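Student: For reference, the sequence and a predicted model appear below.
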Amino acid sequence: MDQLLITGGHPLQGEVRISGAKNAALPILAATLLAETPSYISNVPHLHDITTMMHLLEEMGSTFVIDDHFNIEANSQNVQKFTAPYEMVKTMRASILVLGPLLARFGEAHVSLPGGCAIGARPVNLHLQGLAAMGADICVEGGYITAQAKRLQGTTLCLDVVTVTGTENLMMAATLAEGNTIIENAAREPEIIDLAIFLNRMGARIEGAGTSTLRITGVEKLYGARHRVLPDRIETGTYLIAAAMTGGKVKVNHTDASLLDAVLLKLLEAGVTLSHGNDWIEVDMQGRRLRAVDIHTAPHPGFPTDMQAQLTAMNTIAEGVGMLTESIFENRFMHVSELQRMGANIRIEGKTAIVKGIERLQAAPVMATDLRASAGLVLAGLVAEGDTLVDRIYHIDRGYERIEEKLTQLGAHIRRV
Ligand code: UD1
C-alpha cells in the first residue's frame, strides 16, 4: 500500500496548476446518462473517484473516449443496465448520483444504498423523499434502492437539510420530468452551478442555480454538450494553506478566487498576504508566523467542511488558540488524533476542536482516514521536524491529482514509497 514520505521544513516557492473540480466532474459525468448523444468534457481531474465513476457508467453501457489530456467524450446512447452495484458504491458514495439520471431517462434504477463512512452516517433519505414526491415508486430491500417511474412529475420540494449531492440528484431528475419542479433550500455550491450550466447546454431549463431556489421546467429529451469543468476550490485552498504554513510564496494558477471567499477571508485573518487576478491567487508569507483562526463549517457560501482538516493543521503551528466547529459531519475529526501524535495541542469538545498553536510539529508515522483528513496530515508533514510517513494515501489519490508531483515542483521534499 502506497505511503507518502515527507521531510518537513522547506518553504514552498513557485507556481502550481489547479485541476478541475472532482465534485463537479462527478455529477457532470453522471449527467451524461441523461443525453441521447455524446458529450465532451474537458478539465476533468485524473483521480480514482473519476475512474470509478466511469467504470460504473461503463457497466451500464456508456462508452468513453479519452485523449492524452484526459478530455472525455462520454456516450450514453446504448445504456441498457440500470444498476449501481454495492462493490462500486461502497468505494465511492458519489455513485448515488446515477440514481436521478437513470430514473429520469429510463424509468428504472437499482442503486446500492451507500453505507456510513469514516466521517459520519451520511444518509440519502432526502434524495429518496424527493424522487418519491416526484412520483417514483421507491423500495429499499437487500441493501439496494429500487426506483421506478413511468415519467417523473414536476412538483415543489423543500429539502430539510442542505444537501449537495441530494440537490444534484433531484435537479438532474427534474430536467426530464413532466412539468415544473421547484427545489427549495437547495445547496448553493459552485459545483451545483457548474452542473446546471452543463445541463442547460444539454437542453435542460434550470433557473436559480447558486441560489437556494431552483426552478426546473422539464423537457422531453436532452442531448450531449461540451463543457469545461470549473477549477477545484478545495485543491486551491489546500495549496494556499501549504504555502502559508511553510512561510513560502506560491502562485496558484488556473483557479478562481471568487469560488473560495470564505477560505480567503480566513487566510487574511490568519495574517496571510494574498493577491489575485482573473485566474490566479498568490500567497506570500515572507517567513511570517500565522495567527490561529476560528472557523465554523457551513453549507456554501459558508466555510467548507472539506477545508476543515487543512485549517486544523494550519492552527497547530499558528500563534494563539483557534476553535474549529464542524457542523456538517458528526465524525470529521479523525485527523486530530494523528496530529496529536505529531505533538499538536488539540482538545475536542463535542463538535469543536480547540487548537493551541505550538512552534513546531514533530514528524511521526500517521494514518490517513479520509480524503480531506489526509490532506491535513500532508500539510502537517510539510512543516514538521523530521520525516513524516503518511500511510493509506489511497484516500488522497481520490481527490488530489498528482499531489506529490505538484508539491515537489514547489520545492517540498515528498515522495511516494
Ligand atoms: C458533498 C461533497 C463532499 C462535501 C459535502 C458537504 C460531493 C461528491 N461530495 O457530499 O465533498 O463534504 O457535500 O459539503 O459533492 N444529509 C441528510 N440526508 C440526505 C443527504 C444528506 O441528512 O439525504 C445530511 C448529511 O448527513 C450531512 C449533510 O446533510 O450531515 C450534508 O451532506 P451532503 O451535502 O449531502 O454531502 P454529500 O452530498 O454526500
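Tutor: Sure thing, it's come through. Numbers count the residues shown, from 1 in each chain.
Student: Sketch out the helices for the chain, chain order is fine.
Tutor: 22-31, 48-60, 86-89, 99-106, 125-133, 164-175, 190-201, 233-245, 261-269, 308-316, 334-341, 371-383, 394-397, 403-409 (DSSP state H).
Student: Go through those helices and name the closest to Glu349.
Tutor: helix 334-341 (11.6 Å; CB to CB). Using the backbone N, CA and C atoms, a C-beta is placed for each residue, glycine as well.
Student: So which elements touch the closest one?
Tutor: Helix 334-341 is packed against helix 308-316, strand 345-349, strand 365-367, helix 371-383, with contacts defined by 3 or more CB pairs under 8 Å, 6 or more residues apart in numbering; DSSP states H and E.
Student: what mean pLDDT does the last one have?
Tutor: Looking back up the chat, that one is helix 371-383. On average, the pLDDT along helix 371-383 is 95.
Student: before we move on, what about stretch 75-84?
Tutor: For stretch 75-84, mean pLDDT rounds to 96.
Student: Run through the residues that contact Met245.
Tutor: Met245 makes contacts with 290, 313-314, 317, 379, 382-383, as judged by CB atoms under 8 Å, 6 or more residues apart in numbering.
Student: same thing but 6 Å
Tutor: Contact analysis of Met245 by CB atoms under 6 Å, 6 or more residues apart in numbering lists 314, 379, 383.
Student: mind putting the helices and strands packed on helix 334-341 in CSV, distance to the ligand and mean neighbour count included?
Tutor: Compiled in CSV, the helices and strands packed on helix 334-341 are given as follows (distance: least, CB to the nearest ligand atom, whole Å; neighbours: other CB atoms under 10 Å):
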stretch, distance to the ligand, mean neighbour count
helix 308-316, 9, 29
strand 345-349, 18, 14
strand 365-367, 20, 20
helix 371-383, 7, 28
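Student: Kindly present those as JSON lines, with separate columns for distance to Pro114.
Tutor: Below are the helices and strands packed on helix 334-341 laid out as JSON lines (distance: least, CB to CB, whole Å):
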{"stretch": "helix 308-316", "distance to Pro114": "21"}
{"stretch": "strand 345-349", "distance to Pro114": "26"}
{"stretch": "strand 365-367", "distance to Pro114": "23"}
{"stretch": "helix 371-383", "distance to Pro114": "15"}
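Student: Of the helices of the chain, give the one that comes closest to Gly322.
Tutor: helix 308-316 (3.8 Å).
Student: what helices or strands is the closest one leaning on?
Tutor: Counting contacts by 3 or more CB pairs under 6 Å, 6 or more residues apart in numbering; DSSP states H and E, helix 308-316 packs against helix 233-245, strand 352-356, helix 371-383.
Student: how about those, which one is nearest Ile6?
Tutor: helix 371-383 (3.4 Å).
Student: which residues make contact with that closest one from outside it?
Tutor: Contacts of helix 371-383 (CB under 6 Å, 6+ apart): 6, 8, 238, 242, 245-246, 306, 309-310, 312-313, 317, 334-335, 338-339, 342, 361, 366, 368, 388, 390, 395-396, 398-399, 412.
Student: And these, which of them are buried?
Tutor: Buried subset of those (neighbour count, 16 or more other CB atoms under 10 Å): 6, 8, 238, 242, 245-246, 306, 309-310, 312-313, 317, 334-335, 338-339, 342, 361, 366, 368, 388, 390, 395-396, 398-399, 412.
Student: Pass me the low-pLDDT residue ranges in the stretch 1-150 of the chain, would you?
Tutor: 115-121 (pLDDT under 70).
Student: Nearest to His300, out of the helices of the chain?
Tutor: Proximity to His300 (CB to CB) singles out helix 190-201 among the helices of the chain, at 7.1 Å.
Student: Return the angle between stretch directions for the closest one and helix 22-31.
Tutor: Per axes from the mean of the first three to the mean of the last three CA atoms, to 10 degrees, the angle that helix 190-201 makes with helix 22-31 is 30 degrees.
Student: mean confidence score for helix 190-201?
Tutor: 98.
Student: quick one: buried residues of that helix?
Tutor: Quick answer for helix 190-201 (16+ other CB under 10 Å): 190-200.
Student: just to revisit the earlier point, for Gln13, find the nearest of the helices and strands packed on helix 334-341.
Tutor: helix 371-383 (12.7 Å).
Student: got the angle for that closest one vs helix 233-245?
Tutor: Going by the same axes, to 10 degrees, helix 371-383 makes 20 degrees with helix 233-245.
Student: Specify the angle between helix 371-383 and helix 334-341 in degrees.
Tutor: 20 degrees.
Student: what about helix 371-383, distance to the chain center?
Tutor: 16 Å (CA atoms, centre = their mean, to the nearest Å).
Student: next one: stretch 300-314
Tutor: 12 Å.
Student: Report the backbone C-alpha coordinates of it in PDB.
Tutor: The C-alpha atoms that make up stretch 300-314 are tabulated as PDB, following Å, rounded to 0.1, in the frame of the first residue of the first chain:
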ATOM      1  CA  HIS A 300     -21.800  27.300   0.800                       C
ATOM      2  CA  PRO A 301     -21.100  30.200   0.900                       C
ATOM      3  CA  GLY A 302     -20.100  29.400   4.500                       C
ATOM      4  CA  PHE A 303     -16.700  27.800   5.300                       C
ATOM      5  CA  PRO A 304     -16.500  24.400   3.500                       C
ATOM      6  CA  THR A 305     -16.200  21.300   5.700                       C
ATOM      7  CA  ASP A 306     -13.800  19.900   3.000                       C
ATOM      8  CA  MET A 307     -11.300  22.600   4.200                       C
ATOM      9  CA  GLN A 308     -11.700  21.900   7.900                       C
ATOM     10  CA  ALA A 309      -8.800  19.400   8.300                       C
ATOM     11  CA  GLN A 310      -6.400  21.700   6.500                       C
ATOM     12  CA  LEU A 311      -7.400  24.600   8.700                       C
ATOM     13  CA  THR A 312      -6.900  22.400  11.800                       C
ATOM     14  CA  ALA A 313      -3.400  21.600  10.600                       C
ATOM     15  CA  MET A 314      -2.700  25.300  10.000                       C
END
